[in-house]
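[1] Need the 3D shape of this:
(one chain, ligands or ions: 3)
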Amino acid sequence: MDPFKGRVLILDDEHAVGRSIELMANHLGFEPKSVTDASDFFEAIRTWNPTHIILDLVMPGMDGVEVLQRLGAEGCEANIGITSGIGKRVLHAAKRSAAEHGLHAIEILPKPFSVAALSAFLSVDQQEPTEKRRRAQLTPEIYEPVTMSDIQVAIEQRQIQLVFQPKIDCMTRMVRGFEALARWHHPVRGIIMPDRFIPLSERIGLIGAITNQVIELSLDWYSGLESNTHLSISINISAKTLGSSDFPDELEMSCKSRSIKPSQVILEVTETAATDDQLLALDMFTRLRMKGFHISIDDFGVGNSTLAMLARLPFSEIKVDKSFAMTAGSFNESRAIIQSTVDLSHSLDLHVVTEGVEDAETLNFLEEIGCDFAQGYHIARPMPGDKVIEWMARRTEDYRLNLL
Ligand code: C2E
Ligand code: CA
Ligand code: CA
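    Ligands and ions are numbered 1, 2, ... in the order given. As a prediction, the model looks like this:
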């Protein structure tokens, strides 16, 4: 058995600094190695396979951001601690850039740092297998690109099914509705996620057929849900669907035939859909709103919406993009964006949902700042329709026991 808890690789141009971190890491039960230049560093990454990396960001003749980029490109799986005497703001920006390059478990270790800070960093649990690692373990054919004829077959054979993710009230923690999310059950490849077939279906003109099936499946499931009157059903609608002038009447008929009130249905459209053709969007949203449907602007904050558009189009809800909640624990900026979006939404009389809530702290923060609703893995992952009743019963019990 390896006598060490892990291997720590240190890159710092000052040998003495590297050496002192080595001593601390060794004291904490880790095998350390320190290097002072990038070529030795990448050589050690290849041959020594460190579990943890401590990287000085600012070194003469070397660019720490470039080192992070290269680590990302090489698919580095180690926990990374970035350190430097420069200000925290720059360290935070570097952390963000590292995350965007696909690196994970990135910690900031401002200099000079203590044994306690190093100990906290080194005790970060070995993370769950990343998506990349997981994919590498699967057979490659699963990740071959899907084609137009695959999608045609999926539609004809009704291979697209739905999962549902709950949305809760931040203050009372009660369930307020569900969002329907598409999953393609491929007979050979297994479950294919929407990011791999929705954008393609939009490009090749097959999204309309998919949207129709998703609407029918969502409404069928929802109308079978007992006492659904206080719950909403959110359905993602592609921009392309908004181009069809029959859409509001057809949707109204689909609801009517199942005795569903349009006011229980929320249509989620992305910012891009709303900005592509503003006049078309204005007409379509107005017709839908006149029939009683609600419209939510999805992925808010990452597209190119303008404040004017928010005021002009008749939305009922803003859905803050999940990237903000997912980083709210580490970045003041993310919290500031969520808070100002909540304030903005309320001043425009809109409800606001924050999605991507992955921990209790973020949910508490949302409650504090007055966000209306929350959605995310901390509350529940998307689940098949037949699991929802069970989940709601468990949640009611947790609520009764004051566990939420
Ligand atoms: P979206 O509408 O923004 O949906 C939210 C996505 O975030 C879902 O991914 C959901 O599983 C994921 N998610 C929820 N909570 C968390 C969390 O706490 N952490 C993280 N990391 N992720 C979370 P999913 O199901 O893969 O869907 C991806 C996108 O595909 C959706 O993004 C939506 O734009 C699109 N999509 C899904 N179903 C449909 C559909 O029926 N029609 C259309 N047009 N688009 C769809
Ligand atoms: Ca959505
Ligand atoms: Ca979203």
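[2] Every contact and neighbour count from this point should use C-alpha atoms.
    Noted.
[3] what does this protein have sitting close to ligand 1?
    181-182, 193-195, 198, 211, 214, 236-238, 299, 355-358, 375-377, 382 (Cα under 6 Å from any ligand atom).
[4] again, only this time at 5 Å
    181-182, 194, 236-238, 356-358, 376-377 (Cα under 5 Å from any ligand atom).
[5] Can you report how many residues neighbour His52?
    His52 has 24 neighbours, counted by other Cα atoms under 10 Å.
[6] Confirm for me that it is in contact with Gly6.
    Yes - the pair His52 / Gly6 is scored as a contact, 7.4 Å apart, by Cα atoms under 8 Å.
[7] tell me which residues of stretch 295-305 are tucked away?
    For stretch 295-305, a neighbour-count test (16 or more other Cα atoms under 10 Å) marks 295-301, 305 as buried.
[8] before we move on, what about stretch 15-31?
    17-19, 21-22, 24-26, 28, 30-31.
[9] Show me what it is in contact with.
    4-8, 10-12, 32-36, 115, 118-119 (Cα atoms under 8 Å, 6 or more residues apart in numbering).
[10] With stretch 353-372 instead?
    169-171, 317-326, 328-329, 338-339, 342, 351-352, 373-379.
[11] Up against ligand 3, what does the stretch 151-300 of the chain have?
    Taking Cα under 5 Å from the ion as the contact definition, the stretch 151-300 of the chain meets ligand 3 at 298-299.
[12] C-alpha coordinates for stretch 250-270, PDB please?
    Output in PDB follows, covering the C-alpha atoms of stretch 250-270 (Å, rounded to 0.1, in the frame of the first residue of the first chain):
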ATOM      1  CA  GLU A 250     -52.400  24.300 -30.700                       C
ATOM      2  CA  LEU A 251     -51.000  24.600 -27.200                       C
ATOM      3  CA  GLU A 252     -54.300  25.900 -25.900                       C
ATOM      4  CA  MET A 253     -56.200  22.900 -27.400                       C
ATOM      5  CA  SER A 254     -53.700  20.500 -25.900                       C
ATOM      6  CA  CYS A 255     -54.300  22.000 -22.500                       C
ATOM      7  CA  LYS A 256     -58.100  22.100 -22.900                       C
ATOM      8  CA  SER A 257     -58.400  18.500 -23.900                       C
ATOM      9  CA  ARG A 258     -56.700  17.600 -20.600                       C
ATOM     10  CA  SER A 259     -58.500  20.200 -18.400                       C
ATOM     11  CA  ILE A 260     -55.200  22.000 -17.700                       C
ATOM     12  CA  LYS A 261     -55.500  25.800 -17.200                       C
ATOM     13  CA  PRO A 262     -52.900  27.700 -19.300                       C
ATOM     14  CA  SER A 263     -52.000  29.600 -16.100                       C
ATOM     15  CA  GLN A 264     -50.400  26.400 -14.800                       C
ATOM     16  CA  VAL A 265     -48.100  26.200 -17.800                       C
ATOM     17  CA  ILE A 266     -44.800  28.100 -18.000                       C
ATOM     18  CA  LEU A 267     -43.000  28.200 -21.300                       C
ATOM     19  CA  GLU A 268     -39.200  28.600 -20.900                       C
ATOM     20  CA  VAL A 269     -37.500  30.400 -23.700                       C
ATOM     21  CA  THR A 270     -33.800  31.300 -23.900                       C
END
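[13] Flag every buried residue along it.
    Result for stretch 250-270 [16+ other Cα under 10 Å]: buried residues 251-252, 254-255, 260, 262, 264-270.
[14] Need the max-distance pair from the residues you listed.
    Ile260 and Thr270 (24.2 Å; Cα to Cα).
[15] Find the closest residue to ligand 3 in the stretch 51-200 of the chain.
    Glu179 (10.3 Å; Cα to the ion).
[16] same question, the chain
    Asp299 (4.1 Å).
[17] Pretty sure that residue sits against Phe324.
    No - the pair Asp299 and Phe324 fails to qualify as a contact (Cα under 8 Å) at a distance of 10.0 Å.
[18] who's in contact with Pro112?
    Gly85.
[19] Let the chain start at 768 from now.
    Noted, 768 is the first residue going forward, which turns the last one into Pro879.
[20] So it versus Pro799, what's the distance?
    18 Å (Cα to Cα, to the nearest Å).
[21] Tell me how this protein divides into domains.
    774-898, 906-1170 (automatic domain parsing).
[22] Mean pLDDT added to those, as a markdown table?
    Putting the domains of the chain into a markdown table (pLDDT from 0 to 100) gives the following:
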| stretch | mean pLDDT |
| --- | --- |
| domain 774-898 | 84 |
| domain 906-1170 | 92 |
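[23] Could I get the full set of strands for the stretch 768-917 of the chain?
    Counting by DSSP state E, counting those that start in this stretch, the stretch 768-917 of the chain has strands at residues 774-778, 798-802, 819-823, 825-826, 829-830, 846-851, 873-877.
[24] Now distance to ligand 3 too, for these, in TSV please.
    What follows is these, written out as TSV (distance: least, Cα to the ion, whole Å):
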stretch	distance to ligand 3
strand 774-778	37
strand 798-802	42
strand 819-823	33
strand 825-826	36
strand 829-830	35
strand 846-851	28
strand 873-877	24
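[25] wait, doesn't Ala845 sit right on His819?
    Yes - counting by Cα under 8 Å, Ala845 touches His819, with 5.1 Å between them.
[26] what's the neighbour count on Ser994?
    9.
[27] For it, identify the helix or strand it belongs to.
    For Ser994, there is no host helix or strand (DSSP states H and E).
[28] what's the distance between it and Ile1156?
    11 Å.
[29] now do Asp1126
    23 Å.
[30] and if you look at Arg963?
    29 Å.
[31] cool, Lys1086 as well?
    25 Å.
[32] In the sheet, which strands lie alongside the lengthiest strand in the chain, parallel or antiparallel?
    Taking DSSP state E as the criterion, the chain has its longest strand at strand 942-953. Partner strands for strand 942-953, per DSSP bridges, with pairing direction: strand 927-936 (antiparallel), strand 957-959 (antiparallel), strand 999-1003 (parallel).
[33] thinking again about what came up before, quick one: which of the buried residues of stretch 1017-1037 is nearest Leu1047?
    For the buried residues of stretch 1017-1037, the nearest to Leu1047 is Val1036 (13.3 Å; Cα to Cα).
[34] Check for me that the closest one belongs to a strand.
    Yes - looking at Val1036 with DSSP: H, G, I helix; E, B strand; the rest coil, it is inside a strand.
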